[in-house]
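S.K.: the sequence isn't on hand, but the structure is:
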């Protein structure tokens, strides 16, 4: 019996040793296969990051210090060369401008968990710019990048917030000096022949898709499913002030807005009234110009009603004012033309829609300022976008199609009372007399 027990123990020990040797061999083979697969995957990623075309001089490397983080999703980011103008059409900016934007917004975006877990910062910014420029749906972007819709919305919302926070103080300061106001007035006089004009103002509804959680009565309300964009621009189609999110009936929009309150309370640091030229002794205030939807104020001029324009002098005044006021309509047309997200109803809630509008306004100003400085090889605002006069023929700009308000932008019929004060009426009449004098008629 002792011999049989020793024999069984020896056999069991032998079997245990054999199994240990087998498992060690299997583990070695598994490690070798895993190492080979890892090396193959690394080589594959390296090949994707390199341009196989030797004729391409430079490529854009989106894997910056912010984007070079491990992520659970491998995005198929299209490669574009610096000389390729289609890259500008892809996200509305050059490669150098994109790199600058990544460096500006990267630190703030990197703090968000949606970038750390699912996607790099630079890729997230590229995704957002493509979404804004092409006007793709969230579902389309989700399918393209293999990321769920909720994460895509969070990425876009975070990127838009970072763009606004990092650019707004540089491209749209909240307070302007008197010298800046005077420079804006001089540009309006030189380019649009309207003296003492400090900006053109307009307002539009930005329509959103009703939420499925809302009641049918609220879904039918246009005001409930839209935000108001009240905007002022200068003579160069650059936004100087924007106000968003004002609800209520159309007639109360301007009075309830922060812009309207600031002008009404004389908090805008405007220059004091002064003569329009050296030969005049009458002082004229610096004014905004708006269309018939706006109230007549001492600081805001609107056209004479069409029914009262029997006199030629009033027609001349309206023509001069409307020509200057068209700058804001053109500015909004360029915004909706360059950023196709506004070509249709925005399928997001109020908070995310406001962030999208803020980001697009900042990007518009940032790229427009780059146009004026001449630092970019490609232009954000091309000549065919705006109205031109070729010889004796007037050619309408392509942005007029975008300004027809067929997408997210809808016109507002009235933003304030049509009744002006006696002083406001006197100021408009003074401008009328000045524009119909012999000197200004010759200039116009």
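M.R.: Now that the structure is in, tell me what you want to look at. Remember, predicted model here, so these are calculated numbers, not experimental data.

S.K.: is residue 205 in a helix, a strand, or coil?
M.R.: With DSSP: H, G, I helix; E, B strand; the rest coil as the basis, the three-state label of residue 205 is strand.

S.K.: what do you get for residue 252?
M.R.: Once three-state DSSP is applied, residue 252 turns out helix.

S.K.: and if you look at residue 269?
M.R.: coil.

S.K.: my guess is it contacts residue 179. True?
M.R.: No - applying C-beta atoms under 8 Å as the test, residue 269 and residue 179 come out as separate, 10.4 Å apart. Where C-beta positions appear, they are placed from N, C-alpha and C, glycine not excepted.

S.K.: what about the closest residue in space to residue 88 that isn't next to it in sequence, neighbour count?
M.R.: Closest residue to residue 88 in three dimensions, ignoring its sequence neighbours and counting by C-beta to C-beta, 6 or more residues apart in numbering: residue 378, at 4.5 Å. When neighbours are counted by other C-beta atoms under 10 Å, residue 378 registers 17.

S.K.: so residue 378, which state does it fall into?
M.R.: When the rule is three-state DSSP, residue 378 gets the label coil.

S.K.: what do you get for residue 355?
M.R.: Classified using three-state DSSP, residue 355 is helix.

S.K.: and it, what is it in contact with?
M.R.: Under the criterion of C-beta atoms under 8 Å, 6 or more residues apart in numbering, the neighbours of residue 355 are 157, 160-161, 164.

S.K.: end-to-end on stretch 142-151?
M.R.: 9 Å (C-alpha to C-alpha, to the nearest Å).

S.K.: which positions within it qualify as buried?
M.R.: 142, 145, 147, 151 (16 or more other C-beta atoms under 10 Å).

S.K.: the first one against residue 150, yeah?
M.R.: If I follow you right, that is residue 142. No - between residue 142 and residue 150 there is no contact under C-beta under 8 Å: 9.0 Å.

S.K.: circling back: and the residue nearest to residue 88, what's its pLDDT?
M.R.: Residue 378 carries a pLDDT score of 77 in this model.

S.K.: same thing with the one 4 residues further on?
M.R.: Looking at residue 382, its pLDDT reads 81.

S.K.: what's around it, how many residues?
M.R.: 15.

S.K.: next secondary structure element downstream of the host helix or strand of residue 167?
M.R.: Assessed by DSSP states H and E, residue 167 sits inside helix 149-171. Next in sequence after helix 149-171, counting helices and strands by DSSP H and E, comes helix 178-192.

S.K.: show me what that next one is packed up against.
M.R.: Using 3 or more C-beta pairs under 8 Å, 6 or more residues apart in numbering; DSSP states H and E, the elements in contact with helix 178-192 are strand 197-207, helix 312-338.

S.K.: tell me which residue is most central in the chain.
M.R.: residue 360 (0.3 Å; C-alpha atoms, centre = their mean).

S.K.: please, which helix or strand holds that one?
M.R.: Here residue 360 is assigned to helix 350-373, by DSSP H and E.

S.K.: what's the average pLDDT for the strand or helix carrying residue 243?
M.R.: Under the criterion of DSSP H and E, residue 243 resides in strand 239-244. Across strand 239-244, pLDDT averages out at 94.
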